[in-house]
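*Asks:* Following is a predicted model, sequence given first.
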Amino acid sequence: MSYSSHEVKVPGKLMIAGEYAVLEPNEKSVVAAVNRYVTVQIEPGEENVLSLPQWGLEAITWEINNEEVQFSIEDLRLGFIRNAFLVAHQLLQEKSVKPQSFKLQIKSELDDASTNKKYGLGSSAAIVTAVISSILTFHSCDKELLNLDTIFKLSAIVHLKTQKSGSGADVAAAVYGGWLEYCAFDGEWVLKELEQGNKLTDIIKKPWPNLLIKPLTPPSSLELVVGWTKEPAATAPMIKKLQNYKEGNLEAYKDFLKESSLAVNKLIKSFEINDYAGAINSLALNGKILRKLGENAGMDIETEKLRKLSSIAQSFGSGKSSGAGGGDCGIAFLKSDNHKEELYRAWEEADILPLDLSVSQRGVSVKSGN
């Protein structure tokens, strides 16, 4: 077995529609991979060394003892990587592959280069996916383990073990690329499989309850544009507020799910029949539904800047917050080449930064050398 050097690139993501609803069983969402990437370089080394230069972390040594990763420093930001190392290590053991030492460097384009503020492009999911992919590739695992479905499930397990919640839509975008229709897997089922001590190789072979990942083709005349509010957002507190709202207002929450499902299905249908006008209208409808949810639940899904972003976009097409909201990015749908520069100027006057993003058709990609 040879251990060559490899470069693994994984795209970030933007949630297009179905936010919050996607956390529930069989609720559809639309997510897209974007052309900002996490890049991992992995090569043989005399000891295990991890570097994340953008985080100011260089030459961290680590080893696994008694199923625990021990880093040479303590840093809370390493939680996702710690669990990625553990899951990859467990899989290699199950496949009777002896783990080899390696040097691994992670670089990301998913945050603002000048301020290090996050855009909200799914950084942790992309990092986990890139780390899992690079370790499996480095160890020349068999083709059965290097398929995208396996990489998705392993990365989703890492994300779930670390975060304890989330839909996995950002992991799907990182793995498969392009536009995706997505329904979340049953996280409790996955955690139960792990708690029962079942092998990873067995868990990833099983069909995961509720999981749906289906590629979509957008209308040919549709253009996606993205604006950044320059305000970072935290997802976990928003989800906690949603849970509190759901517990005290179950009927209203069920109404939200029905309305979201209607809007997302309309959007998916517009993609299927190449209807750009239908897509623009469906995006606006989903934004309206999320705005109403935020008002009812006391969640600041649409901040003042996101409200401005959406309002300005309505003059040219439609717009809404992306993801959990509370800051980060918003998106707009326009007819191709229709007033994009005018929209950009209007956003800039409102202190919203247009981002030069497009949809990445590729998910995980690997370049290998000797």
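*Replies:* Perfect, thanks for sending it. Numbering: from 1, shown residues only.
*Asks:* helix, strand or coil for the closest residue to Asp337 other than its chain neighbours?
*Replies:* Nearest-residue entry for Asp337: Glu223, 7.2 Å, with adjacent residues in sequence omitted and distances by Cβ to Cβ, 6 or more residues apart in numbering. The way it works is simple: take the backbone N, C-alpha and C, and place the C-beta from them, glycine included. With DSSP: H, G, I helix; E, B strand; the rest coil as the basis, the three-state label of Glu223 is strand.
*Asks:* and Glu223, what does it touch?
*Replies:* Under the criterion of Cβ atoms under 8 Å, 6 or more residues apart in numbering, the contact list for Glu223 reads 333-338, 340.
*Asks:* please redo it, this time with the cut-off set to 10 Å
*Replies:* Each residue near Glu223 by Cβ atoms under 10 Å, 6 or more residues apart in numbering is listed here: 276, 317, 332-338, 340, 358.
*Asks:* Chain neighbours aside, what residue packs nearest to Ser51?
*Replies:* In space, Ser51 comes closest to Gln105 once its chain neighbours are excluded; the distance is 4.4 Å by Cβ to Cβ, 6+ apart.
*Asks:* Only alpha carbons, please: show the longest strand along the chain as CSV.
*Replies:* When secondary structure is assigned using DSSP state E, the longest strand within the chain turns out to be strand 28-44. Taking only C-alpha atoms (Å, rounded to 0.1, in the frame of the first residue of the first chain), the coordinates of strand 28-44 have been written out as CSV:
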residue,chain,number,x,y,z
LYS,A,28,-37.9,19.1,1.9
SER,A,29,-35.3,21.7,1.4
VAL,A,30,-33.2,23.1,-1.4
VAL,A,31,-29.5,23.6,-0.9
ALA,A,32,-26.7,24.5,-3.3
ALA,A,33,-22.9,24.1,-3.2
VAL,A,34,-20.9,27.3,-3.9
ASN,A,35,-17.5,27.9,-5.4
ARG,A,36,-15.7,28.8,-2.2
TYR,A,37,-13.7,25.8,-0.9
VAL,A,38,-12.0,24.1,2.0
THR,A,39,-8.8,22.6,0.8
VAL,A,40,-6.9,19.8,2.7
GLN,A,41,-3.3,18.8,2.0
ILE,A,42,-2.4,15.4,3.3
GLU,A,43,1.0,13.7,3.0
PRO,A,44,3.1,11.1,4.9
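*Asks:* Tell me where this protein has strands.
*Replies:* With DSSP E as the criterion, the chain has strands spanning 5-17, 28-44, 49-52, 57-65, 68-71, 102-108, 179-183, 212-216, 222-228, 318-321, 329-335, 353-355, 365-369.
*Asks:* Would you mind splitting the protein into its domains for me?
*Replies:* What automatic domain parsing lists as the domains of the chain is 5-216+360-369, 222-355.
*Asks:* now the ones you listed as TSV including mean pLDDT?
*Replies:* What follows is those, written out as TSV (pLDDT from 0 to 100):
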stretch	mean pLDDT
domain 5-216+360-369	94
domain 222-355	95
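*Asks:* follow-up on the earlier one: for the strands of the chain, which one ends up most surrounded?
*Replies:* Mean neighbour counts were taken over these using mean count of other Cβ atoms under 10 Å, and the top value, a mean of 28, falls to strand 318-321.
*Asks:* give me every residue that touches the closest residue to Leu355 other than its chain neighbours.
*Replies:* In space, and not counting its chain neighbours, Leu355 is closest to Val226: 4.5 Å by Cβ to Cβ, 6+ apart. Residues near Val226 by Cβ under 10 Å, 6+ apart: 14, 34, 119, 121, 309, 319, 322, 329-332, 347, 353-358.
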